[in-house]
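Asks: My questions are about this predicted structure, shown below with the sequence.
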Amino acid sequence: MKEQTGFADVDGSGRAEALVDYLGLVARHVGEFRRDGYDLLRLRPGSAILDVGCGAGEVCAELAARVGAQGRVAGVDLSEAMVESARKAAAATGHAVELEVASVYNLPFADGVFDAVRAERVFQHLDNPEAGLREMLRVTRPGGRVMVIDPDHGQAGIALDDPAHRRVYEALQRAMTRMIVNPHSGTRLRGMLVRAGLVDIAQLTKSFDFGYSPFMQMFFVDERLAAATAAGEITDAEGGNFVAALEERHRAGTFFSSAIGYTVVGTKE
């Protein structure tokens, strides 16, 4: 059971608009962490940068402001719906951004044309992340920086007191790792960049805290409950009791959940 989140095939998911909105919600939670990573790209006015898996385009707009009118910002995404949203975002800001529908495995650019290339929350959806990294390196100039950002879906946490609720949550964690193609991507990134020959590698690791509403919206709880139930790991009643327990913790002010994100960047020799 793979990719019930919909992000491996946004246009074919039947809920592209909801997934665009989802990226906006995520952006509000990871914005500071994302912008800390921009500094590691060593951008300057006039730099050329590519955002792979540009989604709704908020990153492209921020990067365009950093590199200025003399710089170049390009974004690609496999989803036409995402690229259309990114085009609207770029037009609203007035920044010049090149946006195309394209795969990380076949980037529509010549060799070595970018000073920096980044991919955020993309590799977790790839069957062959090493091939994606090789293609990103191909379009990066020698001395340029390549950045990859992802979570490890096995490392999320939640506050629970009842062992029965803990068992349901553990089933949901297993469901998530079945739903995502490359669920432990975040902790694999540094090794991938080292093996690919990048140097001067830096890593940022951050724990994110989430309240009840963002947790329910961002962590695909309904899909995970359905997947765990279909797998026979939990019953409908156990899933309902679990959700009721989360709602009660929310009302009592004791709800807490967390996830860990990884940013890894290196230089192409």
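Replies: On my side now, so go ahead.

Asks: Could you use CA atoms for every contact and neighbour count after this?
Replies: Noted.

Asks: helices and strands around the biggest helix by length in the chain, which ones?
Replies: The helix that spans the most residues within the chain, counting by DSSP state H, is helix 16-40. Helices and strands touching helix 16-40, by 3 or more Cα pairs under 8 Å, 6 or more residues apart in numbering; DSSP states H and E, are helix 80-93, strand 199-210, helix 212-218.

Asks: strand partners of the helix or strand following it, parallel vs antiparallel please.
Replies: Later in the chain than helix 16-40, the nearest helix or strand by DSSP states H and E is strand 48-52. For strand 48-52, the pairing partners within the sheet under DSSP bridges are strand 72-77 (parallel), strand 114-120 (parallel).

Asks: Mind listing residues that contact strand 48-52?
Replies: With Cα atoms under 8 Å, 6 or more residues apart in numbering as the contact definition, strand 48-52 has outside contacts at 59-60, 63, 67, 71-77, 104, 113-120, 122.

Asks: repeat for stretch 84-104
Replies: Contact partners of stretch 84-104, identified using Cα under 8 Å, 6+ apart, comprise 20, 52-58, 60-61, 64-65, 69, 72-80, 83, 108, 132, 135-136.

Asks: Put the buried members of those into a ChimeraX selection.
Replies: To isolate the buried ones among the contacts of stretch 84-104 in ChimeraX, judged by 16 or more other Cα atoms under 10 Å, type:
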select :20,52,53,54,55,56,57,58,60,61,64,65,72,73,74,75,76,77,78,79,80,83,132,135,136
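
Asks: Return the residues in contact with the residue of the chain most remote from its centre.
Replies: If you look at how far each residue of the chain sits from its centre, by Cα atoms, centre = their mean, the farthest one is A237, at 32.0 Å. Counting by Cα under 8 Å, 6+ apart, A237 touches no other residue.

Asks: How far away from the center of its chain is the helix or strand where it lies?
Replies: Taking DSSP H and E as the definition, A237 sits inside helix 236-252. In terms of Cα atoms, centre = their mean, to the nearest Å, the centre of helix 236-252 is set 27 Å apart from its chain centre.

Asks: so what's the spatially closest residue to V146 that is not a sequence neighbour scoring on pLDDT?
Replies: In space, and not counting its chain neighbours, V146 is closest to V117: 4.9 Å by Cα to Cα, 6 or more residues apart in numbering. For V117, the model assigns a pLDDT of 98.

Asks: How much space separates V117 from C54?
Replies: Using Cα to Cα, to the nearest Å, one obtains 11 Å as the distance from V117 to C54.

Asks: try L137
Replies: To C54, L137 is 17 Å away according to Cα to Cα.

Asks: repeat for E84
Replies: For E84 relative to C54 (Cα to Cα), the value is 11 Å.

Asks: again, but for G71
Replies: Distance from G71 to C54, by Cα to Cα: 17 Å.

Asks: now do S103
Replies: Taking Cα to Cα, one finds S103 at 11 Å from C54.

Asks: Need the overlap of contacts for these two.
Replies: What both S103 and C54 touch, as defined by Cα under 8 Å, 6+ apart, is the set 76-77.
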